[in-house]
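Participant: let me see the structure of the following:
(one chain, ligands or ions: 2)
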Amino acid sequence: MVELFVCKICGEPYLGGKAPDDCPFCGAPKNYIKSVEEFTELWKTELSEQEKSDMQETLDLEINATAYYLDVVKTNEKYSKPNRLFKQLARVEQEHAEMAVKFLGIELPEFKGETSKGSFEKDLERTKELETEAIKKYQGFLKNAISKNLKNFYTALIHAEKGHQDIAGKELE
Ligand SMILES: [Fe+2]
Ligand SMILES: [Fe+2]
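Facilitator: Numbers count the residues shown, from 1 in each chain. Ligands and ions are numbered 1, 2, ... in the order given. Next up is the predicted model:
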């Protein structure tokens, strides 16, 4: 039987027999995927000056990652494995950027950033670097976070980016 779930991090709905292991939209772990009644908007929270500056940095990282992964999608044949992998990575990073702008109460900026490094292997290497950098940053932002909402946000993002780091590493083996 199909049930309606909602991700408590990004707020996206999901229909399925059971909750997915990771949110297909933002990559949050299963413990954040709940019944639709349990959702409250994570971003409806006051940010301290430190939290604001961390969120701006988060947005910058997510915008660059989205732009980069979208460029990799374009440089790989449609429906090929690299094209599919980077399409999903770009989707998740875009969802992260969309959440960051909601926290900041600003408009979504244009997706501008780096471009493909020229081969699947090089792009996987760069992906690993970017994701490692993001994890490190978000671990610091998690420590700075005062509000519970922000703590949940960075906990979910760290989980998602670790998944990206893992899959890029696995593809490189
Ligand atoms: Fe989500
Ligand atoms: Fe991200």
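Participant: quick one: residues in contact with the helix or strand of the chain with the lowest mean pLDDT.
Facilitator: Every helix and strand of the chain was ranked by mean pLDDT, DSSP states H and E. The lowest is strand 33-35, at a mean of 93. Here strand 33-35 makes contact (C-beta atoms under 8 Å, 6 or more residues apart in numbering) with 3-8, 14, 19-20, 23. For every residue, glycine as well, the C-beta is placed using N, CA and C.
Participant: restrict those residues to contacts with ligand 1.
Facilitator: When contact is defined as C-beta under 5 Å from the ion, the contacts of strand 33-35 meet ligand 1 at 7, 23.
Participant: give the buried residues for the helix or strand that the least confident helix or strand of the chain is followed by.
Facilitator: Remark: after strand 33-35, the chain's next helix or strand is helix 49-75, criterion DSSP states H and E. Within helix 49-75, the residues that count as buried by 16 or more other C-beta atoms under 10 Å are 51, 54-55, 58-59, 61-73, 75.
Participant: how far away is the closest residue in space to Gln50 that isn't next to it in sequence from Leu130?
Facilitator: Closest residue to Gln50 apart from its sequence neighbours, by C-beta to C-beta, 6 or more residues apart in numbering: Asn144 at 5.2 Å. For Asn144, the distance to Leu130 equals 21 Å [C-beta to C-beta, to the nearest Å].
Participant: before we move on, what about Asn31?
Facilitator: To Leu130, Asn31 is 26 Å away according to C-beta to C-beta.
Participant: can you get me a residue count around whatever residue of the chain ends up closest to ligand 2?
Facilitator: Residue nearest to ligand 2 within the chain (C-beta to the ion): His96, separated by 3.7 Å. Applying other C-beta atoms under 10 Å, we find 28 other residues in the vicinity of His96.
Participant: over to the one 3 residues further on?
Facilitator: Neighbour count of Met99, defined by other C-beta under 10 Å: 24.
Participant: wasn't the residue of the chain closest to ligand 2 part of a strand?
Facilitator: No: His96: not assigned to a strand; according to DSSP: H, G, I helix; E, B strand; the rest coil it is helix.
Participant: what's the closest non-adjacent residue to it?
Facilitator: Glu62 (4.4 Å).
Participant: this protein - how does it break down into domains?
Facilitator: What automatic domain parsing lists as the domains of the chain is 3-38, 49-172.
Participant: measure how far the shortest one is from the centre of its chain, please.
Facilitator: Computed by C-alpha atoms, centre = their mean, to the nearest Å, the separation of domain 3-38 from the middle of its chain amounts to 14 Å.
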